[in-house]
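> got a predicted structure here, sequence first:
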Amino acid sequence: MASRNPNTIDLTTEKIRLADDLCFWPVHQRKTLVYRIEIPALHRFFRVGYEEYVFMSFLDGKTTLPQACGLAASKLGQDAPSADEAMTIVNWLLANELAYLASDSPPSRERLRQSGRPKTWLARMSKFNPFWIKIPIFRNDHSLSKFSAFLSPLFALKITLLCSAFIAYALGILWANRSELAASATQLLVPENWWGILFAWIVLKTIHELAHSAACYRLGGSVREAGVVMVLLAPLAYVDVSSCWRMNSKWSRISVAAAGMYVELLITAAATCVWSHTDSLVLKTSMYQVIVTAGISTLIFNANILMRFDGYYILADAIDIPNLYSEATNALKNLLHRCLTGRTDRQHDLGTWRKYFVLCYGIAAAVWRVAVCASLFIAASTMFEGAGIALACVGLTFWTAPLLNSLYQGLVRVIRGGWYSAIRPLVVGFALLAIFIATLVKLPIPTSIAVPSVVQYLPESTVRSRGSGFVEKLHVTDGQFVNQGEQLLVLRNPELRNRLKDLELKSQQVEVRLRQATEKHDAAEVQLLRETLKSFSRQIEPLRDQVASLTITAPHAGRVISRGINHRLGSFIHEGDVVLLVANETDKQVIAVIAQSVVDQTGSWVGKSVIIRGTDQVQRSGKLYRIDPKATDHLPSPALASIEGGPLPVRKASDQDQQSGADSMRLIEPAFRARVRLDPETAKQLPDGSTAQVHLGYRTDPIATRWVQLIRDQWHKVQLRR
């Protein structure tokens with residue numbers, strides 16, 4: 001017999017029967033007796049209070065709802081559920097297929113119907129959310145137990161204590177080497193390391209989930225399925241260990257939840273010991289990638305209590321609120337309902353401090369969820385050469401559609417209750433909406449503008465060759481002090497010198513002929529030879545300058561700066577090439593690279609003092625004296641390139657640029673250069689070529705403006721690529 005829709009019948013006249021396959025067991029939670037319910041075929045778990053359990057025990061298919069209420073009242077007295085509460089309980093039982101009408105067939109236990117209720121079109125479409133795609137792979141409990149068996153010994157008590165001490169020892173090593181660890185972070189920006197990081201991520205996250213599985217089996221649970229969740233097309237492994245709810249001890253459940261982080265931290269500890277003792281650069285880089293992937297990312301994501309990962313379940317069991325997220329969501333809904341209507345819905349008795357904690361947790365989780373959604377939206381919009389904008393919009397639709405649908409249903413219910421009772425909810429609701437929109441569109445969001453920069457010697461310290469030739473003689477060494485006009489090096493260019501000698505010889509021959517013509521009083525010949533002599537003079541003077549330029553001298557007093565200058569002997573130097581630097585330690589400036597998106601906010605800082613933070617994290621000051629009016633894709637220094645460990649993404653220069661002798665790297669997006677003057681004392685403290693950050697005040701544009709600008713920039717990039 002087909003099941004009927006409970007919403008279309010009068011439940012007070014129907015006999016209700018609990019499903020025969022339910023499993024019940026008592027649990028003491030916050031010193032209160034509650035009962036857990038499991039549908040074994042579907043691996044779904046529920047929790048009810050003692051009063052609800054007593055009421056449910058009378059639903060045997062022979063009693064109607066009023067009769068069950070009477071039986072419960074005779075046993076519980078004043079604690080028995082009221083008629084309205086009993087109706088709510090029955091509707092909940094029917095919706096989750098825990099009970100059925102005695103005149104209907106029992107509920108189906110097909111695996112494809114695990115939601116327990118007919119899916120709406122929103123629920124069906126949510127499977128295609130590009131931000132969260134769940135792909136089950138294993139549904140064989142025996143296979144999963146074999147895969148994870150090798151990790152089971154790690155959860156023996158003595159081994160766990162030893163491993164915990166080892167992890168603490170490794171944390172001490174990391175703390176002692178925290179400066180080196182922070183300096184190595186630039187390795188993560190080098191594209192050549194990304195494949196290694198991705199491989200480490202996949203292997204470690206697989207081990208992480210196998211650890212959950214091993215701990216669950218060891219403590220008497222089972223694993224229903226395992227698979228992969230694609231978060232913005234990035235793979236994350238998962239295992240379903242919901243059977244932990246069968247465990248009466250909350251510490252057993254906490255152990256299962258913490259197992260993945262425990263094993264990853266153990267791997268991090270081993271990698272830390274290798275990293276701190278090896279001299280191999282390749283091995284050191286590999287171990288650093290493991291430390292970041294298994295240690296830092298695990299603490300940031302898996303231990304995050306605001307996301308429904310390991311840290312959340314540990315917290316929920318630790319404070320005895322297993323359904324913490326649902327309670328927090330309901331607390332937020334009740335707060336919103338109270339603001340809109342002035343009435344408070346009935347809430348679970350969580351106790352004084354838990355009630356406030358749940359509300360604060362709900363607010364923090366909601367803010368975090370919005371931040372994550374915004375971050376994924378921005379990340380998706382930059383993928384696939386701009387086509388990710390469409391992907392981001394699809395994901396945003398899947399996220400906002402349920403919220404908008406709930407708001408719409410609530411609005412309909414309010415209006416159906418009468419226009420008079422709807423005045424306050426509508427006025428307050430639209431006021432809150434207006435405040436929210438105004439916050440996005442108008443509220444300034446102060447954000448520090450910190451731009452990457454590099455320390456360089458002043459342009460006048462650069463000595464360039466005014467001629468071309470092979471280095472024949474070196475008169476100085478690196479670090480030597482020279483005076484103005486002192487010879488630095490000599491170039492050899494036989495072709496240039498031969499041309500000069502040839503012209504000088506021809507000029508001398510013309511002079512001889514000119515004297516002879518003068519003695520003969522041949523006016524015409526004299527005039528012709530004088531013009532020829534002037535022509536030779538015009539050619540000889542530039543050549544003499546070029547020959548003279550083969551001897552390079554110091555333009556001013558200072559110290560020679562040219563690492564490896566001795567290796568330049570015999571090498572060829574083109575005209576205009578940088579030969580070396582002649583400078584003092586005070587002749588330095590900072591070149592900052594300002595993105596186009598913030599250059600308008602930084603113009604007002606020209607002529608003002610700015611903060612400079614070097615690699616030693618010490619704050620110093622300088623004066624911003626110029627921002628170049630034209631953007632360029634040239635790098636001021638290779639040290640700023642991401643492939644060299646710097647912060648700026650770069651691309652390979654075109655063949656034409658490389659043939660012209662220009663740098664081999666280009667900025668992906670052209671940027672403006674700013675120049676910061678340093679006082680002598682600060683210049684001495686900042687080494688040449690070192691990177692730094694220049695703080696240029698704050699940008700105050702609102703969130704909406706930044707999002708629109710980001711999307712517009714991505715769209716322009718797509719058009720340019722086309």
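All right, it came through fine.

> which residues of the stretch 101-250 of the chain score low on pLDDT?
Where the stretch 101-250 of the chain drops to pLDDT under 70, the residues are 110-131, 140-142, 183, 185-192, 232-234.

> now the helices for it?
For the stretch 101-250 of the chain, the helices defined by DSSP state H, counting those that start in this stretch cover 121-125, 141-148, 157-176, 178-183, 194-218, 250-277.

> those: which one's closest to Gly485?
helix 178-183 (42.5 Å; Cβ to Cβ). (Each C-beta comes from the backbone N, C-alpha and C, glycine too.)

> nearest to Glu669, out of the helices of the stretch 101-250 of the chain?
helix 194-218 (20.0 Å).

> on that earlier part again, I'd like the helices of the stretch 101-250 of the chain as TSV, with mean neighbour count appended.
Shown next, in TSV, are those (neighbours: other Cβ atoms under 10 Å):
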stretch	mean neighbour count
helix 121-125	11
helix 141-148	16
helix 157-176	13
helix 178-183	12
helix 194-218	20
helix 250-277	21
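
> looking at those helices, spot the one closest to Thr447.
Nearest of the helices of the stretch 101-250 of the chain (Cβ to Cβ): helix 178-183, 22.6 Å.

> got a list of contacts for the closest one?
Leu174, Tyr288, Ile291, Thr615 (Cβ atoms under 8 Å, 6 or more residues apart in numbering).

> go on, stretch 44-57?
Taking Cβ under 8 Å, 6+ apart as the rule, stretch 44-57 contacts 18, 24, 27, 32-38, 68-69, 72, 75-76, 79-81, 86, 89, 93, 96, 98-99, 114, 116, 242, 245, 322-323.

> what does stretch 271-287 give?
For stretch 271-287, contacts defined as Cβ under 8 Å, 6+ apart pick out Ala170, Ile173, Leu174, Asn177, Gln187, Asn193, Gly196, Tyr288, Val290, Ile291, Ala294, Gly295.

> which regions of the stretch 301-450 of the chain sit below the pLDDT cut-off?
344-351, 378-389, 391-392.

> where do the domain boundaries of this structure fall?
15-110, 128-320, 459-578, 587-655+662-721 (the TED database).

> turn the ones you listed into a markdown table, including distance to Thr439.
Listed next are the domains of the chain as a markdown table, based on distance: least, Cβ to Cβ, whole Å:
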| stretch | distance to Thr439 |
| --- | --- |
| domain 15-110 | 37 |
| domain 128-320 | 21 |
| domain 459-578 | 47 |
| domain 587-655+662-721 | 8 |
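
> would you show me how to pick out the buried ones of the contacts of stretch 44-57 in ChimeraX?
Under the burial definition 16 or more other Cβ atoms under 10 Å, those of the contacts of stretch 44-57 that qualify are selected in ChimeraX by:
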select :18,27,34,35,36,37,38,68,69,72,80,81,86,89,93,96,98,99,116,242,245,322
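
> in strands, which of the contacts of stretch 44-57 appear?
Counting by DSSP state E, the part of the contacts of stretch 44-57 found in strands is Leu18, Phe24, Val27, Thr32, Leu33, Val34, Tyr35, Arg36, Ile37, Glu38, Ala99.

> and the longest strand along the chain, what other elements does it pack with?
Of all segments of type strand in the chain, defined using DSSP E, the longest is strand 447-457. Using 3 or more Cβ pairs under 8 Å, 6 or more residues apart in numbering; DSSP states H and E, the elements in contact with strand 447-457 are strand 588-594, helix 599-602, strand 609-614, strand 672-677, strand 691-699.

> so what strands line up beside the helix or strand following it?
Proceeding N to C from strand 447-457, the next assigned helix or strand is strand 462-464, under DSSP states H and E. Here strand 462-464 is paired, per DSSP bridges, with strand 578-583 (antiparallel).

> would you mind measuring from the residue lying closest to Pro452 once chain neighbours are set aside to Asp616?
Nearest residue to Pro452, sequence neighbours excluded (Cβ to Cβ, 6 or more residues apart in numbering): Pro647, at 4.6 Å. Pro647 sits 17 Å away from Asp616, going by Cβ to Cβ, to the nearest Å.

> out of those two, which sits in the busier spot?
Pro647 (17 against 11; other Cβ atoms under 10 Å).

> would you list the phi and psi of the more buried one?
When read as degrees, to the nearest 10, the backbone of Pro647 gives phi -90, psi -10.

> where's it relative to Lys158, distance?
Using Cβ to Cβ, Pro647 is found at 47 Å from Lys158.

> now swap in Pro106 and tell me
49 Å.

> show me the contacts for the nearest residue to Asp60 once chain neighbours are set aside.
Ranked by Cβ to Cβ, 6+ apart and with sequence neighbours excluded, the top spatial neighbour of Asp60 is Arg17, at 6.3 Å. Counting by Cβ under 8 Å, 6+ apart, Arg17 touches Leu59, Asp60, Gly61, Ala99, Tyr100, Leu101, Ala102.

> give me the neighbour count for the first one.
Same thing as Leu59. 25.

> what are the contacting residues of stretch 611-623?
Against stretch 611-623 from outside (Cβ under 8 Å, 6+ apart): 183, 450, 453, 455, 590, 607-610, 676-679, 682, 685-686, 690-695.

> pull out the buried residues from stretch 353-361.
Neighbour-count burial for stretch 353-361 [16+ other Cβ under 10 Å]: Arg354, Phe357, Val358, Leu359, Tyr361.

> tell me the pLDDT of Ser571.
If you check Ser571, the pLDDT there is 84.

> I'd guessed it sits against Phe470; true?
Yes: if you go by Cβ atoms under 8 Å, Ser571 and Phe470 touch, sitting 6.9 Å apart.

> more neighbours: those two, which one.
Phe470 (16 against 8).

> coming back round to it: and the longest strand of the chain, what's buried?
Ile449, Ala450, Val451, Pro452, Ser453, Val454, Val455, Gln456, Tyr457.

> and the nearest residue to Glu38 once chain neighbours are set aside, how many neighbours?
The shortest distance from Glu38 to any non-neighbouring residue, by Cβ to Cβ, 6+ apart, is to Cys23 (4.5 Å). By other Cβ under 10 Å, 11 other residues sit near Cys23.

> ok, Cys23 to Leu204 distance?
Cys23 is 36 Å from Leu204, by Cβ to Cβ.

> same question, Val618
Distance from Val618 to Leu204, by Cβ to Cβ: 36 Å.

> what does Gly607 give?
Gly607 is 51 Å from Leu204, by Cβ to Cβ.

> please apply the same query to Pro494.
For Pro494, the distance to Leu204 - Cβ to Cβ - is 64 Å.

> pLDDT score for the closest residue to Leu458 other than its chain neighbours?
Leaving aside its sequence neighbours, Leu458 sits nearest to Asp587 (Cβ to Cβ, 6+ apart; 4.8 Å). With respect to pLDDT, Asp587 scores 86.

> residues in contact with Asp587?
Applying Cβ under 8 Å, 6+ apart, we find Asp587 in contact with Tyr457, Leu458, Glu460, Ser461, Gly558, Ala683.

> surely the fifth one meets Val582?
Read it as Gly558. Yes: here Gly558 reaches Val582: they are 4.2 Å apart, a contact under Cβ under 8 Å.

> between the two, which contacts overlap?
Joint contacts of Gly558 and Val582 (Cβ under 8 Å, 6+ apart) are Ser461, Val482.

> who has more neighbours out of these two?
Legend: neighbour count by other Cβ under 10 Å for Gly558 and Val582, higher for Val582 (28 against 20).

> may I see the ones in strands among the contacts of stretch 44-57 arranged in a markdown table, with pLDDT and distance to Asp600 as well?
Below are the ones in strands among the contacts of stretch 44-57 laid out as a markdown table (pLDDT from 0 to 100; distance: Cβ to Cβ, whole Å):
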| residue | pLDDT | distance to Asp600 |
| --- | --- | --- |
| Leu18 | 90 | 68 |
| Phe24 | 88 | 66 |
| Val27 | 81 | 61 |
| Thr32 | 79 | 60 |
| Leu33 | 84 | 65 |
| Val34 | 84 | 60 |
| Tyr35 | 87 | 63 |
| Arg36 | 85 | 60 |
| Ile37 | 88 | 61 |
| Glu38 | 84 | 61 |
| Ala99 | 89 | 65 |
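
> kind regards, and thank you for your time.
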